[in-house]
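1. what shape does this take:
(one chain, ligands or ions: 1)
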Amino acid sequence: MKPHSAAIREHAPGARRGLASGAPAALLTLLADGAEWSGSALANALGVTRAAVWKQIGQLRALGATVHAAAGRGYRLDAPIERLDPARIAAAVSPEQRAHVGAIDVHWQIDSTSSELVRTAATATVPRACLAEIQTAGRGRRGRVWQMPIGGGIAVSFLRRFDGGMATLAGLSLIAGIAVMHALADVNVSGVALKWPNDVVADGKKLGGILVELGGDALGPCHAVIGIGVNVRVGSGAPIDQPWTDLAALHAGELPSRNLVAGRILSRLAEALEIFAARGFPAFEREYAKHDALLGREIAVSMRDQTWMGTAQGVTSRGALVVTRGKERLEIDSGEVSVRRVEPRIARRA
Ligand code: BTN
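-> Numbers count the residues shown, from 1 in each chain. Below is the predicted model of the structure:
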């Protein structure tokens, strides 16, 4: 594919369709370093009244930020937050991948970074990346909601065209998982594995998820929007309906920079997609097997209101999951399937 020239853009609050006006982006930037600010210092810096500061603190809390307010002292965040910055994200992309990543758009607030790219897929210059501090309607696989507290995760989507038709794109979510794993290794986060078809896991818990959406011709020009969510510092009150972990829990020492992680994800993804476009999933089969969290495990497979047990035996050259059930060997395409690892029973003493 011919690379396009790159552009980076930051979309300020209220600057475009779908953004809440008066969103407290500037307030978050001031509080981001984790230092304590008095109400009057914030009011002065923002050019608003103290009552307006209080209102915006409430808005930040509603977006999932933990803001401590000490009587007579001031406000501070629970932990510092690094605001997304398109220039810093672009700087983390390897020079040889810069043109393959293309434009990088960072939004303060949007419904969903993937929805934005799906909406513009037909007309947009590609490749293109879209990130947001806040997703008001973040989407997960199988119609689930994807939520992250403000500053506590990375929400990034990537749009790329392919020439050979949607039928050639099987295995794409597995490749995106490999790219995320490499990106995390780049920032010294190790012990990450992949749970078919779209989970990035560590310590058996979900660290991130991938949502692939395809459009265009089955056999001709088509595009993929690859949406990736990574938990950075989620906090205890997160509404996540399964065991989860985050980079703060995994990274011994200082938390890796969000901009660095986002840039490495885009870089590794663009690199993997170039190889995928030329050679397909077989080029990644062995690598996937090395990091397959399900391989050889007992699993519960749920599809169409039925759940059955089997043993995961790896993936095919098209990225389908191979499961044995007794003497039966089944190949499962991702579709509407959910797969859960079944923990071996621990024998109890009488
Ligand atoms: C899953 O695990 O179910 C997939 C989660 C994918 C979440 C990401 S966050 C960026 C992009 N925008 C969305 O609305 N969803 C994806």
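2. all contacts plus neighbour counts: C-alpha atoms, from now on.
-> Will do.
3. show me what contacts the nearest residue to Gly64 once chain neighbours are set aside?
-> Using C-alpha to C-alpha, 6 or more residues apart in numbering and skipping the chain neighbours, the partner closest in space to Gly64 is Pro149 (4.3 Å). For Pro149, the residues meeting the contact criterion (C-alpha atoms under 8 Å, 6 or more residues apart in numbering) are 63-65, 134, 234-235, 238.
4. so which of those sits lowest on pLDDT?
-> Note: of the contacts of Pro149, the lowest pLDDT belongs to Ala238, at 63.
5. put the buried members of the contacts of Pro149 into a ChimeraX selection.
-> Buried subset of the contacts of Pro149, written as a ChimeraX selection, criterion 16 or more other C-alpha atoms under 10 Å:
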select :63,64,65,134,234,235
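6. looking at the contacts of Pro149, spot the one nearest Ile226.
-> Ile134 (17.8 Å; C-alpha to C-alpha).
7. I'd say that closest one and Gln109 touch.
-> Yes: Ile134 sits in contact with Gln109 when judged by C-alpha atoms under 8 Å, with a separation of 4.6 Å.
8. redo the contacts of Pro149 as a markdown table? Include secondary structure and distance to Gly74.
-> Written out in a markdown table, the entries for the contacts of Pro149 read as follows (DSSP: H, G, I helix; E, B strand; the rest coil; distance: C-alpha to C-alpha, whole Å):
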| residue | secondary structure | distance to Gly74 |
| --- | --- | --- |
| Leu63 | coil | 20 |
| Gly64 | coil | 19 |
| Ala65 | coil | 16 |
| Ile134 | strand | 25 |
| Val234 | coil | 24 |
| Gly235 | coil | 22 |
| Ala238 | coil | 25 |
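9. and the contacts of Pro149, which two are furthest apart?
-> Ile134 and Gly235 (15.8 Å).
10. list the contacts for the residue lying closest to Ser190 once chain neighbours are set aside?
-> In this structure, Ser190 finds its nearest non-sequential neighbour in Leu184, 7.0 Å apart by C-alpha to C-alpha, 6+ apart. Contacts were defined as C-alpha under 8 Å, 6+ apart; by that measure Leu184 touches 190, 261, 264-265.
11. what's the lowest-pLDDT member of those?
-> Model confidence across the contacts of Leu184 bottoms out at Ser190, which has 90.
12. roughly how far is the longest helix along the chain from the heart of the chain?
-> Longest among the helix segments of the chain by residue count, using DSSP state H, is helix 258-279. Between the centre of helix 258-279 and the centre of its host chain there is 13 Å, according to C-alpha atoms, centre = their mean, to the nearest Å.
13. is it true that Glu331 touches Arg325?
-> No: between Glu331 and Arg325 no contact is recorded; they are 11.1 Å apart, counting by C-alpha under 8 Å.
14. so what's Gly140 closest to, chain neighbours aside?
-> The shortest distance from Gly140 to any residue that is not its chain neighbour, by C-alpha to C-alpha, 6+ apart, is 5.1 Å, and that residue is Trp146.
15. okay, that neighbour: pLDDT?
-> For Trp146, the predicted pLDDT is 95.
16. was I right to think it contacts Ile134?
-> No: contact status for Trp146 versus Ile134: not in contact, 11.0 Å apart, counting by C-alpha under 8 Å.
17. wait, what's in contact with Trp37?
-> By C-alpha under 8 Å, 6+ apart, the residues touching Trp37 are 31, 73-76.
18. also Ala193?
-> Taking C-alpha under 8 Å, 6+ apart, one finds 181, 200-202, 291-293 in contact with Ala193.
19. can you do 10 Å?
-> If a contact means C-alpha atoms under 10 Å, 6 or more residues apart in numbering, then Ala193 has 177-178, 180-181, 199-207, 288, 290-294 as its contacts.
20. and for Asp292, the neighbour number?
-> 20 (other C-alpha atoms under 10 Å).
21. right, I mislabeled it, should have said Leu159
-> When neighbours are counted by other C-alpha under 10 Å, Leu159 registers 26.
22. doesn't it belong to a helix?
-> No: the assignment for Leu159 by DSSP: H, G, I helix; E, B strand; the rest coil gives strand, which leaves it out of any helix.
23. any idea what the nearest residue to it once chain neighbours are set aside is bridged to?
-> Computed as C-alpha to C-alpha, 6+ apart, the closest residue to Leu159 that is not its neighbour in sequence is Val225, at 4.6 Å. As for beta bridges, Val225 partners with Leu159, Glu213 under DSSP bridges.
24. again with the one 5 residues further on
-> In this structure, Val230 bridges to Ile154, Gly208 when assessed by DSSP bridges.
25. check contacts around it.
-> Contacts of Val230 (C-alpha under 10 Å, 6+ apart): 148, 152-156, 180, 200, 206-210, 245-247, 258, 261-262.
26. low-confidence stretches in the stretch 251-350 of the chain?
-> Under the criterion pLDDT under 70, the flagged ranges of the stretch 251-350 of the chain are 252-253, 335-336, 344-350.
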